[in-house]
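Peer 1: got a predicted structure here, sequence first:
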Number of protein chains: 2
Amino acid sequence: MVSLIPGFNSVVTWAVFFLLLWTFSEGRKLLVVPIDGSHWLSMRPVVERLRQRGHEIVVLAPEINLRIDSSAHYTTKTYSVSYSKEYVEAEFKKLGYKIFTPQPFLEKLAKMANITTMFFDSCKRLLADKQLIKYLEESAFDAVFMDPFFPCGQIVAEHLSVPSVYLLRGLPCSLDFIATLCPNPPSYIPRFFTRYTDRMTFPERVRNVIVSLSNSLVCLFLYSPYDHLIKEFLQQEATLLELLSHAAIWLMKYDFVFEYPRPVMPNMVLIGGISCTREKSLSQEFEAIVNASGEHGIVVFSLGSMVSEIPMKKAIEITEALGSVPQTVQMCYHDLTNQMTKQVFLSSTAHPKTRAFITHGGSHGVYEAICNAVPMVLMPLFGDQMDNAKRIETRGAGLTLNILEMTSKDISDALHAVINDKMYKENIKRLSDLHLDRPIHPLDLAVHWVEFVMRHKGAPHLRPAAHELNWIQYHSLDVIAFLLAVVLLSMFISLKCCLFCCRRCFRKKGRASKPTKSKSH
Amino acid sequence: MVSLIPGFNSVVTWAVFFLLLWTFSEGRKLLVVPIDGSHWLSMRPVVERLRQRGHEIVVLAPEINLRIDSSAHYTTKTYSVSYSKEYVEAEFKKLGYKIFTPQPFLEKLAKMANITTMFFDSCKRLLADKQLIKYLEESAFDAVFMDPFFPCGQIVAEHLSVPSVYLLRGLPCSLDFIATLCPNPPSYIPRFFTRYTDRMTFPERVRNVIVSLSNSLVCLFLYSPYDHLIKEFLQQEATLLELLSHAAIWLMKYDFVFEYPRPVMPNMVLIGGISCTREKSLSQEFEAIVNASGEHGIVVFSLGSMVSEIPMKKAIEITEALGSVPQTVQMCYHDLTNQMTKQVFLSSTAHPKTRAFITHGGSHGVYEAICNAVPMVLMPLFGDQMDNAKRIETRGAGLTLNILEMTSKDISDALHAVINDKMYKENIKRLSDLHLDRPIHPLDLAVHWVEFVMRHKGAPHLRPAAHELNWIQYHSLDVIAFLLAVVLLSMFISLKCCLFCCRRCFRKKGRASKPTKSKSH
């Protein structure tokens, strides 16, 4: 049969396909509680795919936000916040600028506490919004899909009595591993912000243990305000940690070509490299630029979406260094969440002529580089970026520079090395091959598990019984104490018996010997 | 185009398909070291699938074996053994018969030691076969795919310097978790043969810790003979445990609908339910029998491939009980590795009219029942079967009987319960739904990882750095001792300082007060 209208057949086929998809996918209802900024970047594709599979999506976002735009893919419900858009933008700008000046540790900690306070304040306002909560209660969601960095989503999930799925790279003070009761030995698992590898010297292991112990204190400091909120809103005595431990599935942005191998729990699903696809369309304009670069190819420069301004001195140094290589430099500067800038960035890193990637070491960028086998020059700025840079450096797939101290020569040397020393390309190629050789794409895996939780109302069969034990029981300390007591008691009794026997023998001997003595006497 | 020969088109299509598969699959060479008996049942489908994907397979089997038949799928290479086929058959028969009489613990242990000795003896003969070893050396294998229950495969893999992939349900004395350095807290992970669940009382936890501690002793007793063999053949000082820890991937026949949730390591891939497919063709004859059973349906009876004879008294009791239910009983008796018997067994459990499954609780049968949502009456005989039965019973998907003590009434009551009490069917249906809702079929997963190891010459990126630490370092005992010493030392110094200060103050006071005293005096 030949169609009279060109393309009509394919339109019909697609219409039938989507109709079938809609019919058989048993569309369910999902509440999404995301975090603004780069965190939203890896959540959005999952949300969009879930929508395509026929689920109804409601995104719960703060009314002031930079990246979570309204979309045809989902309904957006907003809650009021105490800050203005200008304030957030100014804060981001300040944060980006401050990176280039040395900061004392306490100031960094204060900044972290500031973000937590901002989240806590937003949470209070969300939970106080009676109309919104009523809407949520009436919506009969099948699950909550959330970023646990903003833990308010779990309080909402508990209130609605629906299971939750988390998407994360990691939580402050190893809260993710504490909440899942995932073994986390400090002897070979370096804590975040230590910049250690999985092979530590004795002094490093000592510091790692100290950091590990102090984590609980930091957690207490950061998250204790929530306990009161939980009591007030949920009418139950529970800590935030307990609530987080109820999550059905933890989608971890983890892949062991990048992370250090470590134990995981059954309800952790590893989806590192979720954004990695090799089908990136290039605009003709961009293709022309790349082709003009000739045999030398291009170098991609991006410091992520947080840095909007670089101090003049630093900028001159960077520009000088970039001018010293024969490669054309593709600058992907600020606002990577803008669809067009992002497209240029993705196309650049994916292009076979890309020789190197200068990055701040955010996990998105690093996974993009691994995906496309591009060696890196890393200029970590803050957060987990120092650790990310260390991981890449240990694997010989890039070089790290200190953003505060680097000179134009340092940048130029590092760039020349990763471009011309074959080792870097070979190592990143090997990592890339391992990363891409997977039985199922991480995006499909993430979608499967969100749907799984919606279909089965959670995943209780993946929850270890360890959650019912207290700390002493979990570590078998009561059993060890009991066994020690038994051993000591039996040793004591044996000793007493021995002594008693000896004494009797001795007395008998004494008695026996006395008459002899008296005789001899 | 219409083909002149019926079916010609499809033949051509398939031929082209296989040709393409052959061309693009980069056929590699795999050495398979299996174990005879039921262990081979779950390995065979993987081997066959790998063959279909264009790999060349060599199976290394003892010359005397019951199930590993020669096949078009692979080349079989045999090594001599010290026993005859009649001996093995007689031993199996004896083993099957002995199950029905009570056995003291030491006799059971002796039997286990017997099997280990038999394996050790086979290994010695294999490694001494110069011609065979020469053939293996010249064959340039890409990987060894083996059952670590017969650890000789790993010695061969080390000798050939090729990576290995294991397929297993579990190893004696938790050797699998010790070798992978997988955390295994005895507080909620019951040890095999204890019949405990993951929720233990205090006395149970005490016993579990004791069993856990004694495991190392049992391992030492069972596997120490290999150390000498390793030294002799590989010319290196290494224990069997060290060798096993080199495995690239551990394909674990695990699914958490059946197993208790627990930590796993990155190089463990869970493939529980690998044999579960729902496409089972029924013979017309069998279909007629099932249809004749009417509304009551059928009950499937199978005590696995080990039991060839049941003592008359027990047989009468079982027959009486089976006669008491209105269901038709399908007996699948002995030799389940026979293709036809196996087909009848698989078709029976998969049939929608099957109401219950009487089983010895072998993991194959249990997974088959979960796959097809058939409630079970379990009569565990030996090995892991008691634990398997306990797992199913805890989940409310079956009832367990003691094979030594059960009467006809017990069997009949249990059978009536699982057939008529809806709870059992509902529970097994829930487990089945969870089990079947997976992003990728376990067989595809197993094949992917064997091919992964062949392609990348191992999976070193999944090996934790913990393997480079000793026991004290792994548990951070040296760090704890150091920190304790520092704390105690600083306390001691502070105390000394305080005392010194006090003494000085006191002395001053003393000196100051003396003249007063003398004055007053």
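Peer 2: Arrived safely, thanks for sending. Given the structure is predicted, the values throughout are model-derived calculations rather than measurements. Numbering: from 1, shown residues only, chains lettered A, B, ... in the order given.
Peer 1: so which residue is smack in the middle of chain A?
Peer 2: For chain A, the residue nearest the mean C-alpha position is residue A:169 (0.8 Å; Cα atoms, centre = their mean).
Peer 1: wait, it sits on residue A:251?
Peer 2: No - Residue A:169 is not in contact with residue A:251 according to Cβ atoms under 8 Å; the separation is 10.3 Å. Any C-beta I mention is one placed from the backbone N, CA and C, and that applies to glycine too.
Peer 1: on that earlier part again, ok, the residue nearest to the centre of chain A - contacts?
Peer 2: Taking Cβ atoms under 8 Å, 6 or more residues apart in numbering or on different chains, we find residue A:169 in contact with A:252, A:253, A:254, A:363, A:384.
Peer 1: beta partners for the nearest residue to residue A:292 once chain neighbours are set aside?
Peer 2: Distances taken as Cβ to Cβ, 6 or more residues apart in numbering or on different chains put residue A:328 closest to residue A:292, at 7.1 Å, once the chain neighbours are dropped. Counting by DSSP bridges, residue A:328 forms beta bridges with residue A:298.
Peer 1: go ahead and confirm residue A:328 touches residue A:288.
Peer 2: No - counting by Cβ under 8 Å, residue A:328 stays clear of residue A:288, with 11.3 Å between them.
Peer 1: quick one: low-confidence ranges for chain A?
Peer 2: Scanning chain A for pLDDT under 70 picks out the ranges A:1-26, A:96, A:278-283, A:308, A:333-344, A:508-521.
Peer 1: how does it divide into domains?
Peer 2: As assigned by automatic domain parsing, chain A contains the domains A:23-272+A:441-463, A:284-420.
Peer 1: show me which residues of the stretch 301-450 of chain A are close to chain B?
Peer 2: A:431, A:433, A:434, A:437, A:439, A:440, A:444, A:445, A:448, A:449 (Cβ under 8 Å from any Cβ of the partner chain).
Peer 1: burial measure for the second one, as a count.
Peer 2: What that stands for is residue A:433. Counted with other Cβ atoms under 10 Å in any protein chain shown, residues neighbouring residue A:433 total 13.
Peer 1: list the residues that contact it.
Peer 2: With contact set as Cβ under 8 Å, 6+ apart, residue A:433 has these partners: A:373, B:456.
Peer 1: chain A: strands as residue ranges?
Peer 2: Along chain A, the stretches classed as strands by DSSP state E are A:29-33, A:56-62, A:75-79, A:143-146, A:164-168, A:249-252, A:268-270, A:298-302, A:328-331, A:354-359, A:376-378, A:398-400.
Peer 1: compare the ones you listed and give me the one nearest residue B:233.
Peer 2: Closest approach to residue B:233 among the strands of chain A (Cβ to Cβ): strand A:268-270, 37.9 Å.
Peer 1: for chain A, which helix is longest?
Peer 2: Ranked by residue count, the top helix of chain A under DSSP state H comes out as helix A:477-520.
Peer 1: for it, packing partners?
Peer 2: Contacts defined by 3 or more Cβ pairs under 8 Å, 6 or more residues apart in numbering or on different chains; DSSP states H and E place helix A:477-520 against helix B:202-234.
Peer 1: if you count neighbours, what's buried in the helix it packs on?
Peer 2: Neighbour counts over helix B:202-234 (16 or more other Cβ atoms under 10 Å in any protein chain shown) mark B:205-209, B:211-212, B:215, B:218-219, B:222-223, B:226-227, B:229-230, B:233 as buried.
Peer 1: also within reach of chain A: list those from those residues.
Peer 2: Subset of these in contact with chain A: B:205, B:206, B:209, counting by Cβ under 8 Å from any Cβ.
Peer 1: now render the domains of chain A as JSON lines, adding distance to residue B:332.
Peer 2: Listed next are the domains of chain A as JSON lines, based on distance: least, Cβ to Cβ, whole Å:
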{"stretch": "domain A:23-272+A:441-463", "distance to residue B:332": "29"}
{"stretch": "domain A:284-420", "distance to residue B:332": "50"}
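Peer 1: ok, which of these comes nearest residue B:162?
Peer 2: Of all those, domain A:23-272+A:441-463 sits nearest to residue B:162, with 21.2 Å by Cβ to Cβ.
Peer 1: tell me how far the closest one lies from the chain's centre.
Peer 2: In terms of Cα atoms, centre = their mean, to the nearest Å, the centre of domain A:23-272+A:441-463 is found 9 Å from the chain centre.
Peer 1: which residues sit against stretch A:304-318?
Peer 2: A:37-38, A:92-93, A:95-97, A:99-100, A:301, A:303, A:334-337, A:359-360, A:362, A:364-365, A:381, A:403, A:406-408, A:411.
Peer 1: flag every residue of the stretch 151-300 of chain A that's near chain B.
Peer 2: Counting by Cβ under 8 Å from any Cβ, the residues of the stretch 151-300 of chain A lying close to chain B are A:182-183, A:185-188, A:197-199, A:202, A:205-206, A:209-210, A:256-257, A:260-267.
Peer 1: among the residues you listed, which ones are in helices?
Peer 2: Of the positions in these, A:202, A:205, A:206, A:209, A:210 sit in helices, assigned by DSSP H.
Peer 1: of all those residues, which two lie farthest apart?
Peer 2: Farthest pair in these (Cβ to Cβ) is A:202 and A:210. Separation: 12.9 Å.
Peer 1: state the distance from the residue lying closest to residue A:460 once chain neighbours are set aside to residue A:459.
Peer 2: In space, and not counting its chain neighbours, residue A:460 is closest to residue A:248: 7.8 Å by Cβ to Cβ, 6+ apart. Distance of residue A:248 to residue A:459, computed by Cβ to Cβ, to the nearest Å: 4 Å.
Peer 1: who touches both of those two?
Peer 2: Both residue A:248 and residue A:459 are contacted by A:163, A:267, A:453, under the criterion Cβ under 8 Å, 6+ apart.
Peer 1: list the contacts of the last one.
Peer 2: Pointing back at residue A:453 there. Residues counted as contacts of residue A:453 (Cβ under 8 Å, 6+ apart) are A:142, A:143, A:163, A:164, A:165, A:248, A:249, A:459.
Peer 1: buried residues, stretch A:457-466. List them.
Peer 2: Within stretch A:457-466, the residues scored as buried using 16+ other Cβ under 10 Å are A:458, A:459, A:461, A:462, A:463, A:464, A:465, A:466.
Peer 1: of these, which is the nearest to residue A:127?
Peer 2: Using Cβ to Cβ, residue A:458 is the member of the buried residues of stretch A:457-466 that lies nearest residue A:127, at 22.6 Å.
Peer 1: distance of that closest one from residue A:45?
Peer 2: Distance check for residue A:458 against residue A:45: by Cβ to Cβ, it reads 24 Å.
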